[in-house]
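Engineer: The following comprises the amino acid sequence and a computationally predicted model.
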Amino acid sequence: MINKSNKLTASMSVTMQCMSGFLEAFQKIADIAETNNAGLRPFGIALRRYCLRQRCIESRLRSFNSQITDCLVTPLSDRLEEWRRTSNQMDRDSVKELRKAKSELQRAMLEAEKCKKRIKRKVCILFVHIYCSFMRQNNFYDLTVLMLEFH
């Protein structure tokens, strides 16, 4: 932004110099037309008014250009190093926080995986117990049916 602002102020300075040279030439023409007695006096007066208006615009442009330099470019240049340091520190802090968050996430994922394995193991053991008890009941039922049929 500083470079762009400097380029803008330089371009505006060149523009104002060209405008100033043009207005000086125009002012000379207006003076000659006004002092000449060939009936060009109203034309010379009109040119003089035009030159005065343009000089007013030129002075505003100079004021604007100096304000850009004084209120934008200079403060930015003065604080640039401080902002760079602050920016670098903020980057370092965010990287630390990101690493910390990643490690916490990995820990949580590992713990969730362990819990999943424990639950799976417990479910398998529970299923085996249920299946065995069911088989015992079926065998008992089959034995009682066989005993009733045998007698």
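Structural biologist: Received the coordinates, thanks.
Engineer: Tell me how many other residues surround Ser11.
Structural biologist: Per other C-beta atoms under 10 Å, the neighbour tally for Ser11 reads 11. (Each C-beta comes from the backbone N, C-alpha and C, glycine too.)
Engineer: Let me fix that, I meant to ask about Ile119.
Structural biologist: Here the number of neighbours of Ile119 (other C-beta under 10 Å) works out to 10.
Engineer: same deal with Leu47?
Structural biologist: What Leu47 shows, counting by other C-beta under 10 Å, is a neighbour count of 20.
Engineer: wait, it sits on Ala25?
Structural biologist: No. In this structure, Leu47 is not within contact of Ala25 by C-beta atoms under 8 Å, at 11.0 Å.
Engineer: any idea where the strands of this structure begin and end?
Structural biologist: Per DSSP state E, the chain carries no strands over any range.
Engineer: On the pLDDT front, check the residue positioned nearest the centre of the chain for me.
Structural biologist: Residue closest to the mean C-alpha point of the chain, counted by C-alpha atoms, centre = their mean, is Ser87 at 13.3 Å. At Ser87, the model reports a pLDDT of 90.
Engineer: Please apply the same query to the one 5 residues further on.
Structural biologist: In this model, Arg92 is scored at 94, pLDDT.
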